[in-house]
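*Asks:* just the structure for this:
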Amino acid sequence: MKFIVSTATALLLAGQAFAGALVFEAPAEEEIVVAEPAPAGGFNAAWLIPVIGLAAVAYAISNDDS
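*Replies:* Now for the predicted structure:
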């Protein structure tokens, strides 16, 4: 009788352990994002584009011939 109970317990616990291994999902590795380095000694003129656009709009508004 002890053999039947111990066998049933072992099968139950082994089944739960196997099911837990099937359900476990390893955490995903995070991607490492590396920022682009600033130009070495260079001049970043990207801010000039919106300024030129605003200047063009201001010029168009101020030179209204009507």
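*Asks:* off-centre distance for the helix or strand where Ile49 lies?
*Replies:* Take DSSP states H and E as the rule and Ile49 turns out to sit in helix 48-62. With Cα atoms, centre = their mean, to the nearest Å as the basis, helix 48-62 stands 37 Å off its chain's centre.
*Asks:* what helices or strands is it leaning on?
*Replies:* Judged by 3 or more Cβ pairs under 8 Å, 6 or more residues apart in numbering; DSSP states H and E, helix 48-62 is in contact with no other helix or strand. Backbone N, C-alpha and C define where each C-beta goes, glycine included.
*Asks:* hmm, who's touching that helix?
*Replies:* Defining contact as Cβ atoms under 8 Å, 6 or more residues apart in numbering, one finds that nothing outside helix 48-62 touches it.
*Asks:* mind starting the numbering at 262 from now?
*Replies:* Okay, using 262 as the starting number, the last item reads as helix 309-323.
*Asks:* buried residues in that helix, which are they?
*Replies:* By neighbour count on 16 or more other Cβ atoms under 10 Å, the buried set for helix 309-323 is empty.
*Asks:* can you list the weak-confidence ranges in the protein?
*Replies:* Where the chain drops to pLDDT under 70, the residues are 277-285, 299-305, 325-327.
*Asks:* and the strands in it?
*Replies:* Taking DSSP state E as the test, none of the chain falls into strands.
*Asks:* so which residues of it form helices?
*Replies:* Per DSSP state H, the chain carries helices over the ranges 263-284, 309-323.
*Asks:* how about the CA coordinates for the last one, as PDB?
*Replies:* To tie it back to what came earlier, the one meant is helix 309-323. These are the backbone C-alpha positions of helix 309-323, laid out as PDB (Å, rounded to 0.1, in the frame of the first residue of the first chain):
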ATOM      1  CA  LEU A 309      18.900  76.000 -38.500                       C
ATOM      2  CA  ILE A 310      16.200  74.300 -40.600                       C
ATOM      3  CA  PRO A 311      13.200  75.300 -38.400                       C
ATOM      4  CA  VAL A 312      14.700  78.700 -37.800                       C
ATOM      5  CA  ILE A 313      14.900  79.300 -41.600                       C
ATOM      6  CA  GLY A 314      11.300  78.100 -42.000                       C
ATOM      7  CA  LEU A 315      10.100  80.500 -39.300                       C
ATOM      8  CA  ALA A 316      12.100  83.300 -40.900                       C
ATOM      9  CA  ALA A 317      10.500  82.600 -44.200                       C
ATOM     10  CA  VAL A 318       7.000  82.600 -42.700                       C
ATOM     11  CA  ALA A 319       7.700  85.900 -40.900                       C
ATOM     12  CA  TYR A 320       9.100  87.500 -44.100                       C
ATOM     13  CA  ALA A 321       6.100  86.400 -46.000                       C
ATOM     14  CA  ILE A 322       3.700  87.800 -43.500                       C
ATOM     15  CA  SER A 323       5.600  91.100 -43.100                       C
END
